[in-house]
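Enquirer: sequence and predicted model, in that order:
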Amino acid sequence: METNVRPETMERITTKALADAFIEEQIALVRKQVGDKKVLLALSGGVDSSVVAALLIKAIGKQLVCVHVNHGLMRKCESENVVELFRGQLDANLVYVDATDRFLNLLAGVSDPERKRKIIGAEFINVFADEARKLEGVEFLAQGTIYPDILESQKQAEGKKAVKSHHNVGGLPEDLKFSLVEPVKLLFKDEVRVVGEALGLPHAMVYRQPFPGPGLGVRCLGAITRDRLEALREADAILRDEFDKAGLAEKVWQYFVVVPDIKSVGVKDESRYEGWPAIIRAVNTKDAMSATIEEIPYSTLHKITARITAEVEGINRVLYDLTPKPVGTIEWE
Ligand code: XMP
């Protein structure tokens, strides 16, 4: 279906049977489109790229080459989980690139949020392009574009200004000319999730909370340092663990930790202990355009505070962000 307009008659995919029919249809279309050529995919581990990967593995197997770029700004164990699921369980042709040093070296000393976003977006393309050039026989690029992405680009083409420069894959250099394969481009997010489950992806991965392209880079505020980034990653893992245990993970749309570049005085083992604060953000929203604050039980907040301050090196306070969107955006940068 070579169109960027969703037909009004297109039925919403809400059941496994509808998802199975969609998958069969797309498998036939992809096979016809790519023949015996290779297809490249930047697999971030997010819902959209993961669903496209699973769909294409079913359609063309090892002709699909997935590239997972670890920019060093992933959540704890995230890259390992992507490799284990796609290489270990789904037998995907997966190239794993640890580009942590490339990204963190470029970001060293950069505190302006938009510059950070631009650096991360541009370097992502550089790393991905470097990998693409090493491969032979690739004629196609698969992307996890979904219908809201198409609607958003149309809005931007009409001159409506975005608040932040969001980074997703796009705009490869001139020498890399690929035809696009975008099997879920007419689907809304809820439909992508139904398709993902029908493809056999784990429920937790298909229903995971959104994670921004620049990753923890926009949550480690100001100029990123490795020690503060590590503290953020550990604190965020504790928050997610406690939200899972408290049954909040499926009730709250997005929840994460932010660590600003300020220190306050604390006390530990009867000695002065300077550390950063960990700021918890937990929001609910329908479309990310506006967001409300979730009421988290105090007992859960106490538990998270106790664990983060005891287990994470460098954190000596825990704060809860009560700001809705507007006026705060969901991410801090
Ligand atoms: P803001 O901070 O603008 O975020 O209120 C709205 C939603 O978008 C996510 N976000 C991003 N997603 N690339 C993405 O794919 C990005 O660069 C990016 N920046 C923010 C954010 O996590 C929230 O869900």
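Expert: Thanks, I have the structure now.
Enquirer: below-threshold pLDDT in the stretch 151-300 of the chain: ranges please.
Expert: 167-170 (pLDDT under 70).
Enquirer: now do 90
Expert: Low-confidence segments of the stretch 151-300 of the chain, defined by pLDDT under 90, are located at 151-172, 174, 250, 287, 294.
Enquirer: so residue 182 touches residue 141, yeah?
Expert: No - with contact defined as Cβ atoms under 8 Å, residue 182 does not reach residue 141; the gap is 9.2 Å. No exception for glycine: its C-beta is placed from N, CA and C like everyone else's.
Enquirer: and the two? Which one has more around it.
Expert: Higher neighbour count among residue 182 and residue 141: residue 141, with 21 against 16, using other Cβ atoms under 10 Å.
Enquirer: for the more buried one, give its distance to residue 192.
Expert: Distance, residue 141 to residue 192, using Cβ to Cβ, to the nearest Å: 19 Å.
Enquirer: for the chain, which residues are neighbours of the ligand?
Expert: Contact residues (Cβ under 6 Å from any ligand atom) of the chain with the ligand: 163-164, 166-168, 210, 212-214, 254, 288, 325, 329-331.
Enquirer: who wins on neighbours among these?
Expert: residue 214 (26 neighbours).
Enquirer: the stretch 101-250 of the chain: strands as residue ranges?
Expert: 138-142, 179-181 (DSSP state E, counting those that start in this stretch).
Enquirer: and the last one, which strands flank it?
Expert: Pairing partners of strand 179-181, with direction, according to DSSP bridges: strand 138-142 (parallel).
Enquirer: give me the buried positions along the partner strand.
Expert: Buried residues in strand 138-142, defined by neighbour count with 16 or more other Cβ atoms under 10 Å: 138, 140-142.
Enquirer: count the neighbours of the closest residue to residue 314 other than its chain neighbours for me.
Expert: In space, and not counting its chain neighbours, residue 314 is closest to residue 231: 4.4 Å by Cβ to Cβ, 6 or more residues apart in numbering. Neighbours of residue 231 under the rule other Cβ under 10 Å: 22.
Enquirer: now render the buried residues of strand 138-142 as JSON lines, adding pLDDT.
Expert: JSON lines is the format used below for the buried residues of strand 138-142 (pLDDT from 0 to 100):
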{"residue": "138", "pLDDT": "96"}
{"residue": "140", "pLDDT": "97"}
{"residue": "141", "pLDDT": "97"}
{"residue": "142", "pLDDT": "97"}
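Enquirer: check contacts around residue 308.
Expert: Residues near residue 308 by Cβ atoms under 8 Å, 6 or more residues apart in numbering: 235, 238-239, 257, 278, 315, 318.
Enquirer: same question, residue 172
Expert: With Cβ under 8 Å, 6+ apart, residue 172 has these contacts: 125, 128-129, 132, 141, 178.
Enquirer: equivalent analysis for residue 75, please.
Expert: 211, 215-216, 233, 236-237, 240.
Enquirer: I appreciate the help and will end here.
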